[in-house]
Each structure stands twice: as C-alpha cells, then as structure tokens.
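*Asks:* got a predicted structure plus its sequence, pasted below:
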Amino acid sequence: MAERKRLPFDPVERAAQQWSQHHPETPRMRAVTSLMRVHQLVLTQLDELLRPLGLTFARYEVLVLLSFSRHGSLSLGKIGERLQVHATSVTSLVQRLDAAGLIERRPHPHDGRAVLAAITERGRRVLEQATQAVTDAGFGLTALSEEECDALSSLLRGPRAAAGDF
C-alpha cells in the first residue's frame, strides 16, 4: 500500500486555532473534525486493501451483513436500515456485488414489491479473503491498543444513542 504524504503540520489543530478566533465550541469542532478525518483515513486504507478483491469497504459491509443474517439474505430496505445507507446507495452496492457474482437478487417471498440480496458461495469465499485482509490490517486502527479501541467505542456510544442510532 502506498505511503501517504505527511503534512508538515496537524491540520486539525491548525483548523481549531483558526476556528477559535471566530467561533465558539472549539473542543467539539476539533473532536468532530478529528473523527471525520480519521474516518476518511481509515476508509481510504481499507478500500485500498480490498480493491484487489473487487471490493470497497461499503461492499464488504454488505457481504458481512448478509453472512450474519439467518438465511444469508436480506431485503434491500433492511440493508439500508442496518448500514445507514440511502436506498440509492444500496441499489448501487447490490448491483455491483451482483455483477461480480458475490450476491444474487431474488424476489422477496412474502412482499412482491421487495427484493432480497443473497450472498453466493463465491461471495462467501471472497468475504473470507477480505476479512483476513481487514483483520490483518487491524481495521486501520493499529495505532490504538485494544483497550483504547474499547474506550473509543464506549466514548462514541453516547453520541450514537443521542442521535437515535439505537
């Protein structure tokens, strides 16, 4: 994987310094900017790892979700709900996974308007390879210890609950 060119300064701290000169809530601005920047950095790393398998992290998440479901299939609406992805994005993800032979679309047996996405055997094999790559990379968070990862998850639970995530 290509090494990122490092900036000669911390962009989040630079933004926070400038923000504080004009606006309140600097600690929250710094926190959300850090969170969003880490999200982009981790997503870029994971997408690069998964690219040789014909996946993005978003497609990987769909395969994981389907593999965890009782019958290996879910409606597109459920996929969107569980992954918090807009219906248009789910359709695009499912089309790409279907074209690659990793899932197949089926009519819903109880709802004529709905479509099910079902993981294929090929999808399960690719998922196994992808999971090995992602876990070997520590999900992009090798700079954090397991205890720090647990603490981060715990810390983010409050905002997730407050936003109605669960």
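*Replies:* That came through, no problem. Numbers count the residues shown, from 1 in each chain.
*Asks:* need the helices for this structure, in chain order.
*Replies:* 11-20, 26-50, 57-68, 76-83, 87-99, 121-136, 146-162 (DSSP state H).
*Asks:* quick one, which of those helices gets closest to G112.
*Replies:* Checking the helices of the chain against G112 by C-beta to C-beta gives helix 76-83 as the closest, at 13.8 Å. Where you see a C-beta, it was placed from the backbone N, CA and C, and this is true even at glycine.
*Asks:* list the contacts of the closest one.
*Replies:* 58, 61-62, 65-66, 74, 85-87, 89-91, 93-94, 114-117 (C-beta atoms under 8 Å, 6 or more residues apart in numbering).
*Asks:* quick check: angle from that helix to helix 87-99?
*Replies:* For helix 76-83 against helix 87-99, the angle by axes from the mean of the first three to the mean of the last three C-alpha atoms, to 10 degrees is 110 degrees.
*Asks:* can you check what angle separates helix 76-83 from helix 57-68?
*Replies:* Going by the same axes, to 10 degrees, helix 76-83 makes 110 degrees with helix 57-68.
*Asks:* pull out the buried positions in helix 76-83.
*Replies:* Residues of helix 76-83 classed as buried: 76, 78-80 (neighbour count, 16 or more other C-beta atoms under 10 Å).
*Asks:* residues near L49, how many?
*Replies:* The local packing of L49 (other C-beta atoms under 10 Å) involves 19 other residues.
*Asks:* need the nearest residue in space to it, chain neighbours excluded.
*Replies:* The shortest distance from L49 to any non-neighbouring residue, by C-beta to C-beta, 6 or more residues apart in numbering, is to A133 (4.9 Å).
*Asks:* is it correct that that neighbour is in contact with R51?
*Replies:* No. In this structure, A133 is not within contact of R51 by C-beta atoms under 8 Å, at 10.2 Å.
*Asks:* the two - which one has more neighbours?
*Replies:* Neighbour count, other C-beta under 10 Å: between A133 and R51, A133 has more, with 15 against 11.
*Asks:* ok, that one - contacts?
*Replies:* 49-50, 53.
*Asks:* look at it and report its pLDDT.
*Replies:* Per-residue confidence at A133 stands at 98 (pLDDT).
*Asks:* related to what we said a few turns ago, for the helices of the chain, which one sits closest to H110?
*Replies:* helix 76-83 (12.9 Å).
*Asks:* just how off-centre is that closest one within its chain?
*Replies:* Computed by C-alpha atoms, centre = their mean, to the nearest Å, the chain-centroid distance of helix 76-83 equals 13 Å.
*Asks:* and the gap between R14 and R30?
*Replies:* 11 Å (C-beta to C-beta, to the nearest Å).
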